[in-house]
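S.K.: Here is my input, please return the structure:
(one chain, ligands or ions: 1)
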Amino acid sequence: MIQVEKLTKVYKTKTALSLDNLSIQPQEIIGLVGNNGAGKTTFLSLLLDLIEASEGKVEIKEEDVSKTEDWKKFTGSFLDDTFLVPFMTSYEYLEFVAKLHGWNKGDLEDFLEQTKNFYGEDFISGKKLIKDLSKGNKNKTGILGALIGNPDLLILDEPFANLDPTSQQWLRMKIQKLAEEGVTAIVSSHDLQHVTGISTRIVMLENGEVVKDVENSDSTLEELEKYFGDKISEDLI
Ligand SMILES: Nc1ncnc2c1ncn2[C@@H]1O[C@H](COP(=O)(O)OP(=O)(O)OP(=O)(O)O)[C@@H](O)[C@H]1O
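M.R.: Below is the predicted model of the structure:
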(Lines give C-alpha, C1' and ligand atoms only; values in the text may rest on other atoms or scores of the structure.)
Protein backbone atom coordinates (compact mmCIF):
# COMPACT_ATOMS: atom_id res chain seq x y z
CA MET A 1 0.00 0.00 0.00
CA ILE A 2 2.76 2.46 1.00
CA GLN A 3 6.41 2.46 0.05
CA VAL A 4 8.76 4.99 1.61
CA GLU A 5 12.21 5.39 0.09
CA LYS A 6 15.02 7.29 1.77
CA LEU A 7 12.69 9.96 3.06
CA THR A 8 14.24 13.02 4.68
CA LYS A 9 12.90 16.33 5.91
CA VAL A 10 15.34 18.97 7.05
CA TYR A 11 14.29 22.31 8.55
CA LYS A 12 17.30 24.66 8.26
CA THR A 13 19.82 22.59 10.23
CA LYS A 14 17.34 20.32 12.03
CA THR A 15 16.67 16.89 10.52
CA ALA A 16 13.05 16.30 11.51
CA LEU A 17 12.81 12.97 9.70
CA SER A 18 15.26 10.54 8.18
CA LEU A 19 13.75 7.23 7.14
CA ASP A 20 15.42 4.54 5.14
CA ASN A 21 12.98 2.14 3.47
CA LEU A 22 9.59 1.44 5.00
CA SER A 23 6.82 -0.68 3.48
CA ILE A 24 3.27 -0.75 4.75
CA GLN A 25 1.08 -3.59 3.56
CA PRO A 26 -2.67 -3.50 2.95
CA GLN A 27 -4.77 -3.99 6.08
CA GLU A 28 -1.91 -3.22 8.44
CA ILE A 29 -2.78 -0.88 11.29
CA ILE A 30 0.40 1.00 12.05
CA GLY A 31 0.67 2.55 15.49
CA LEU A 32 3.14 5.42 15.24
CA VAL A 33 4.67 6.30 18.60
CA GLY A 34 7.45 8.56 19.84
CA ASN A 35 7.96 11.40 22.29
CA ASN A 36 7.25 15.05 21.45
CA GLY A 37 9.29 16.19 18.48
CA ALA A 38 10.14 12.65 17.35
CA GLY A 39 8.92 13.32 13.81
CA LYS A 40 5.48 11.67 13.75
CA THR A 41 3.54 14.62 12.32
CA THR A 42 6.36 15.34 9.87
CA PHE A 43 6.11 11.75 8.63
CA LEU A 44 2.32 11.89 8.29
CA SER A 45 2.55 15.27 6.54
CA LEU A 46 5.02 13.83 4.04
CA LEU A 47 2.75 10.82 3.44
CA LEU A 48 -0.04 13.25 2.58
CA ASP A 49 2.18 15.55 0.49
CA LEU A 50 1.43 18.48 2.80
CA ILE A 51 5.11 19.36 3.03
CA GLU A 52 7.91 18.84 0.56
CA ALA A 53 10.51 16.17 1.24
CA SER A 54 14.14 17.30 1.32
CA GLU A 55 15.04 13.95 -0.20
CA GLY A 56 13.33 10.68 -1.10
CA LYS A 57 9.75 9.84 -1.92
CA VAL A 58 6.50 8.28 -0.76
CA GLU A 59 4.46 6.02 -3.01
CA ILE A 60 0.87 5.08 -2.25
CA LYS A 61 -0.35 2.22 -4.43
CA GLU A 62 2.77 2.78 -6.55
CA GLU A 63 2.03 6.44 -7.21
CA ASP A 64 4.46 9.13 -6.09
CA VAL A 65 2.26 11.29 -3.80
CA SER A 66 4.07 14.46 -4.84
CA LYS A 67 3.40 13.86 -8.53
CA THR A 68 -0.16 12.54 -8.70
CA GLU A 69 -3.56 13.24 -7.20
CA ASP A 70 -5.36 9.88 -7.64
CA TRP A 71 -4.35 8.59 -4.17
CA LYS A 72 -6.32 11.45 -2.60
CA LYS A 73 -9.59 9.82 -3.71
CA PHE A 74 -9.08 6.78 -1.48
CA THR A 75 -7.12 8.38 1.37
CA GLY A 76 -8.95 9.73 4.40
CA SER A 77 -6.95 11.81 6.83
CA PHE A 78 -7.12 14.19 9.73
CA LEU A 79 -3.96 15.65 11.24
CA ASP A 80 -5.13 18.87 12.88
CA ASP A 81 -7.53 21.84 12.83
CA THR A 82 -6.01 23.19 9.61
CA PHE A 83 -8.01 20.46 7.84
CA LEU A 84 -11.23 22.11 9.04
CA VAL A 85 -13.04 25.24 7.84
CA PRO A 86 -13.51 27.43 10.95
CA PHE A 87 -16.45 29.48 9.66
CA MET A 88 -18.59 26.48 8.74
CA THR A 89 -20.74 24.42 11.07
CA SER A 90 -19.72 20.77 11.44
CA TYR A 91 -22.62 19.70 9.24
CA GLU A 92 -21.67 22.19 6.50
CA TYR A 93 -18.09 20.95 6.62
CA LEU A 94 -19.09 17.29 6.42
CA GLU A 95 -21.51 18.10 3.59
CA PHE A 96 -18.64 19.79 1.76
CA VAL A 97 -16.34 16.76 2.24
CA ALA A 98 -19.17 14.40 1.24
CA LYS A 99 -19.70 16.34 -1.99
CA LEU A 100 -15.99 16.07 -2.81
CA HIS A 101 -16.41 12.29 -2.60
CA GLY A 102 -19.54 12.29 -4.75
CA TRP A 103 -21.90 11.48 -1.87
CA ASN A 104 -25.44 12.81 -1.92
CA LYS A 105 -27.44 14.04 1.10
CA GLY A 106 -28.86 10.55 1.71
CA ASP A 107 -25.35 9.02 1.82
CA LEU A 108 -24.31 11.62 4.39
CA GLU A 109 -27.44 11.09 6.49
CA ASP A 110 -26.80 7.30 6.50
CA PHE A 111 -23.20 7.91 7.52
CA LEU A 112 -24.23 10.22 10.36
CA GLU A 113 -26.78 7.68 11.59
CA GLN A 114 -24.07 4.99 11.52
CA THR A 115 -21.56 7.14 13.44
CA LYS A 116 -23.86 8.74 16.03
CA ASN A 117 -22.35 6.78 18.93
CA PHE A 118 -19.09 8.52 18.07
CA TYR A 119 -20.25 12.13 18.06
CA GLY A 120 -22.87 11.51 20.73
CA GLU A 121 -23.81 15.02 21.72
CA ASP A 122 -25.68 16.39 18.76
CA PHE A 123 -23.28 19.20 17.87
CA ILE A 124 -23.36 18.10 14.25
CA SER A 125 -26.82 19.53 13.62
CA GLY A 126 -26.26 22.60 15.80
CA LYS A 127 -25.55 26.13 14.61
CA LYS A 128 -22.16 26.49 16.31
CA LEU A 129 -19.32 27.26 13.95
CA ILE A 130 -16.32 24.94 14.01
CA LYS A 131 -14.16 27.75 15.41
CA ASP A 132 -16.39 27.84 18.53
CA LEU A 133 -16.47 24.08 19.17
CA SER A 134 -14.58 22.38 21.98
CA LYS A 135 -11.28 20.71 21.03
CA GLY A 136 -12.89 17.28 21.28
CA ASN A 137 -15.78 18.21 19.01
CA LYS A 138 -13.39 19.77 16.49
CA ASN A 139 -11.47 16.49 16.47
CA LYS A 140 -14.67 14.50 16.05
CA THR A 141 -15.61 16.66 13.05
CA GLY A 142 -12.19 16.07 11.47
CA ILE A 143 -12.24 12.33 12.13
CA LEU A 144 -15.75 12.04 10.65
CA GLY A 145 -14.47 13.96 7.62
CA ALA A 146 -11.61 11.45 7.26
CA LEU A 147 -14.06 8.55 7.30
CA ILE A 148 -16.33 10.01 4.62
CA GLY A 149 -15.84 8.43 1.20
CA ASN A 150 -15.00 4.95 2.56
CA PRO A 151 -11.21 5.37 2.29
CA ASP A 152 -8.85 2.47 1.59
CA LEU A 153 -6.18 4.30 3.56
CA LEU A 154 -6.78 6.16 6.80
CA ILE A 155 -4.17 8.48 8.32
CA LEU A 156 -4.87 10.02 11.72
CA ASP A 157 -2.61 12.09 13.97
CA GLU A 158 -3.41 11.77 17.70
CA PRO A 159 -7.06 10.88 17.06
CA PHE A 160 -7.77 9.86 20.66
CA ALA A 161 -6.65 13.18 22.15
CA ASN A 162 -9.52 15.19 23.68
CA LEU A 163 -12.12 12.54 22.86
CA ASP A 164 -14.49 11.34 25.58
CA PRO A 165 -14.16 7.68 26.67
CA THR A 166 -17.16 6.51 24.61
CA SER A 167 -15.79 8.12 21.44
CA GLN A 168 -12.33 6.68 22.10
CA GLN A 169 -13.79 3.19 22.40
CA TRP A 170 -15.94 3.69 19.32
CA LEU A 171 -12.95 4.86 17.30
CA ARG A 172 -10.84 1.89 18.39
CA MET A 173 -13.58 -0.51 17.32
CA LYS A 174 -14.17 1.36 14.07
CA ILE A 175 -10.51 1.32 13.03
CA GLN A 176 -10.29 -2.42 13.72
CA LYS A 177 -13.50 -3.09 11.81
CA LEU A 178 -12.28 -1.04 8.86
CA ALA A 179 -9.01 -3.01 8.80
CA GLU A 180 -10.99 -6.26 8.74
CA GLU A 181 -12.85 -4.85 5.75
CA GLY A 182 -9.58 -4.11 3.93
CA VAL A 183 -8.59 -0.63 5.08
CA THR A 184 -4.97 0.23 5.90
CA ALA A 185 -4.49 2.67 8.78
CA ILE A 186 -1.67 4.73 10.22
CA VAL A 187 -2.45 6.19 13.60
CA SER A 188 -0.06 8.24 15.69
CA SER A 189 -0.69 8.37 19.41
CA HIS A 190 0.91 9.10 22.75
CA ASP A 191 -1.64 6.82 24.35
CA LEU A 192 0.17 3.49 24.47
CA GLN A 193 -2.93 1.62 25.65
CA HIS A 194 -4.98 2.77 22.70
CA VAL A 195 -2.25 2.36 20.15
CA THR A 196 -1.35 -1.16 21.22
CA GLY A 197 -5.06 -1.91 21.55
CA ILE A 198 -5.66 -1.40 17.83
CA SER A 199 -2.40 -1.81 15.93
CA THR A 200 -1.00 -4.79 14.09
CA ARG A 201 2.43 -3.17 13.99
CA ILE A 202 4.21 -0.51 16.04
CA VAL A 203 6.66 1.91 14.49
CA MET A 204 8.57 4.03 16.98
CA LEU A 205 10.34 7.25 16.00
CA GLU A 206 13.06 9.01 17.93
CA ASN A 207 14.89 12.07 16.62
CA GLY A 208 13.32 11.46 13.23
CA GLU A 209 14.53 7.88 12.90
CA VAL A 210 12.80 4.53 13.26
CA VAL A 211 14.15 2.96 16.44
CA LYS A 212 11.61 0.13 16.70
CA ASP A 213 9.45 -1.55 14.07
CA VAL A 214 7.72 -4.58 15.57
CA GLU A 215 4.63 -6.67 15.23
CA ASN A 216 2.22 -5.82 18.01
CA SER A 217 1.98 -8.69 20.49
CA ASP A 218 0.72 -9.28 24.04
CA SER A 219 4.02 -8.02 25.46
CA THR A 220 4.33 -4.87 23.32
CA LEU A 221 2.46 -2.51 25.67
CA GLU A 222 4.69 -3.49 28.59
CA GLU A 223 7.83 -3.17 26.44
CA LEU A 224 6.82 0.30 25.25
CA GLU A 225 5.96 1.47 28.76
CA LYS A 226 9.36 0.26 29.93
CA TYR A 227 11.16 1.87 26.98
CA PHE A 228 9.62 5.28 27.64
CA GLY A 229 9.73 4.88 31.42
CA ASP A 230 13.45 4.07 31.37
CA LYS A 231 14.11 7.60 30.08
CA ILE A 232 13.17 8.95 33.52
CA SER A 233 15.90 9.38 36.13
CA GLU A 234 14.26 8.67 39.48
CA ASP A 235 16.42 11.23 41.29
CA LEU A 236 14.96 13.93 39.03
CA ILE A 237 11.41 13.37 40.21
N1 LIG B 1 7.74 24.00 10.27
C2 LIG B 1 8.76 23.64 11.02
N3 LIG B 1 9.88 24.40 11.08
C4 LIG B 1 10.95 24.03 11.81
N5 LIG B 1 11.01 22.88 12.54
C6 LIG B 1 9.94 22.10 12.52
C7 LIG B 1 8.76 22.42 11.77
N8 LIG B 1 7.86 21.42 11.94
C9 LIG B 1 8.43 20.52 12.77
N10 LIG B 1 9.66 20.92 13.11
C11 LIG B 1 10.60 20.20 13.98
O12 LIG B 1 10.69 18.88 13.50
C13 LIG B 1 10.80 17.96 14.60
C14 LIG B 1 9.71 16.90 14.49
O15 LIG B 1 8.47 17.53 14.75
P16 LIG B 1 7.08 16.75 14.64
O17 LIG B 1 6.00 17.77 14.81
O18 LIG B 1 7.07 15.94 13.42
O19 LIG B 1 7.14 15.78 15.92
P20 LIG B 1 6.00 14.91 16.58
O21 LIG B 1 6.59 13.57 16.81
O22 LIG B 1 4.76 14.98 15.78
O23 LIG B 1 5.81 15.66 17.95
P24 LIG B 1 4.52 15.80 18.91
O25 LIG B 1 4.35 14.50 19.60
O26 LIG B 1 4.94 16.90 19.84
O27 LIG B 1 3.35 16.20 18.07
C28 LIG B 1 10.74 18.80 15.87
O29 LIG B 1 12.06 19.06 16.30
C30 LIG B 1 10.07 20.08 15.42
O31 LIG B 1 10.46 21.18 16.19
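S.K.: Residues of this structure that sit close to the ligand?
M.R.: Taking Cβ under 6 Å from any ligand atom as the criterion, the neighbours of the ligand within the chain are 11, 14, 16, 34, 36-42. For every residue, glycine as well, the C-beta is placed using N, CA and C.
S.K.: Among these, which ones are in strands?
M.R.: The subset of the residues of the chain next to the ligand located in strands under the criterion DSSP state E comprises 11, 14, 16.
S.K.: For the second one, give me the pLDDT.
M.R.: Put plainly, it is K14. K14 is assigned a pLDDT of 92 by the prediction.
S.K.: list the contacts for the nearest residue to E95 once chain neighbours are set aside?
M.R.: In this structure, E95 finds its nearest non-sequential neighbour in L108, 6.2 Å apart by Cβ to Cβ, 6 or more residues apart in numbering. When the contact criterion is Cβ atoms under 8 Å, 6 or more residues apart in numbering, the partners of L108 are 94-95, 98, 148.
S.K.: what two of those residues are the furthest from one another?
M.R.: Between all members of the contacts of L108, the longest pairwise span (Cβ to Cβ) is found for E95 and I148 and amounts to 9.7 Å.
S.K.: Look at those two and report which has more neighbours.
M.R.: Taking E95 and I148 together and counting by other Cβ atoms under 10 Å, I148 has the greater number of neighbours (22 against 16).
S.K.: since we're on F83, how many residues are nearby?
M.R.: As a burial measure, F83 scores 18 neighbours (other Cβ under 10 Å).
S.K.: What of I232?
M.R.: Taking other Cβ under 10 Å as the neighbour definition, I232 ends up with a count of 9.
S.K.: how far away is it from the ligand?
M.R.: Going from I232 to the ligand by Cβ to the nearest ligand atom, to the nearest Å gives 17 Å.
S.K.: What helix or strand is that residue located in?
M.R.: Element membership of I232, judged by DSSP states H and E, is empty: it is in no helix or strand.
S.K.: What of G31?
M.R.: For G31, the enclosing helix or strand under DSSP H and E is strand 29-33.
S.K.: Report the buried members of the residues of the chain next to the ligand.
M.R.: For the residues of the chain next to the ligand, burial is judged from neighbour counts taken by 16 or more other Cβ atoms under 10 Å, and it is met by 16, 34, 38-42.
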